[in-house]
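[1] For reference, the sequence and a predicted model appear below.
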Amino acid sequence: MPDFSIEDQLMAEGFRPVAGVDEAGRGPLAGPVVAAAAVLPEGFGTEGLDDSKKLSAARREQLYREITAPGSGVIWASARVDAAEIDEINILQATYRAMAGAAGGLSPAPAIAIIDGKPVRGFPFPQRAVVKADGKSLSVAAASIIAKVERDRIMVDFASRYPQYGFERHKGYGTKGHLEALRTYGPCPIHRQSFSPVAACAGIADA
């Protein structure tokens, strides 16, 4: 389970506040990539706070409400980069942009950010990159939950506009049902045209 060990070490080095930063949605064929940044108050204790991928959707929603509640003491922000911009600058750069945007939305600004994965180029604050940080750092776990829940909600909203694709079920990932819908209807405006499975189906709807 994640804990405050990384945060405590960074604070011992003189960094305050310490933010956790994570993203959701690098792999899907549709929709935005969403990043979140979170600064937890010392002693923050929410039972079951963990990497969002290890939690059920219902549990993520519950934890999201607890983390973002006005009285939680958590400082947080999120940012998104939509499909058209992903196509323009590529998914890696879009992820970096979303993560920088989320961290930049914090007030006060972080003295350092714990990044899940590899270092982020062009990040506007000092950073400490940790592989699988969402399973090690409570701050990053909180950020992972915020990013995942917010992205899932966005995709459910898109499902009402483009019901033929089933976004409410797969959230834009390349499931069998999603690929079948792509082959049947072609891409819609929130599909990532630069991703090969989407590009392969371009023009179908007009054929």
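    Nice, thanks for sending it over.

[2] any idea of the mean pLDDT in the longest helix that the chain contains?
    In the chain, ranked by residue count with DSSP state H as the criterion, the top helix is helix 138-161. Averaging pLDDT along helix 138-161 yields 97.

[3] That one: what's the following helix or strand?
    Next along the chain after helix 138-161, taking DSSP states H and E as the criterion, comes helix 167-170.

[4] other SSEs contacting that following helix?
    Applying 3 or more CB pairs under 8 Å, 6 or more residues apart in numbering; DSSP states H and E, one finds that helix 167-170 contacts helix 138-161, helix 176-185. Any C-beta I mention is one placed from the backbone N, CA and C, and that applies to glycine too.

[5] Any buried residues in that helix, and which?
    167, 170 (16 or more other CB atoms under 10 Å).

[6] Quick one: the strands in this structure, in order.
    18-24, 33-39, 75-81, 112-116, 127-130 (DSSP state E).

[7] And the contacts of stretch 153-164?
    30-32, 34, 80, 165-168, 171-172, 181, 184-185, 188, 190 (CB atoms under 8 Å, 6 or more residues apart in numbering).

[8] Now which of those residues would you call buried?
    30-32, 34, 80, 165-167, 171-172, 181, 188, 190.

[9] now those residues as a markdown table including pLDDT?
    Formatted as a markdown table, those follow (pLDDT from 0 to 100):
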| residue | pLDDT |
| --- | --- |
| Ala30 | 98 |
| Gly31 | 98 |
| Pro32 | 98 |
| Val34 | 98 |
| Arg80 | 98 |
| Tyr165 | 98 |
| Gly166 | 98 |
| Phe167 | 98 |
| Lys171 | 98 |
| Gly172 | 98 |
| Ala181 | 97 |
| Cys188 | 97 |
| Ile190 | 98 |
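
[10] and Ala159, how many neighbours?
    Other residues lying near Ala159 total 18 when counted by other CB atoms under 10 Å.

[11] What I need now is the buried ones among the contacts of stretch 153-164 written out in a markdown table, including distance to Pro70 for each item.
    Formatted as a markdown table, these follow (distance: CB to CB, whole Å):
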| residue | distance to Pro70 |
| --- | --- |
| Ala30 | 33 |
| Gly31 | 28 |
| Pro32 | 26 |
| Val34 | 21 |
| Arg80 | 22 |
| Tyr165 | 35 |
| Gly166 | 35 |
| Phe167 | 30 |
| Lys171 | 28 |
| Gly172 | 31 |
| Ala181 | 40 |
| Cys188 | 36 |
| Ile190 | 31 |
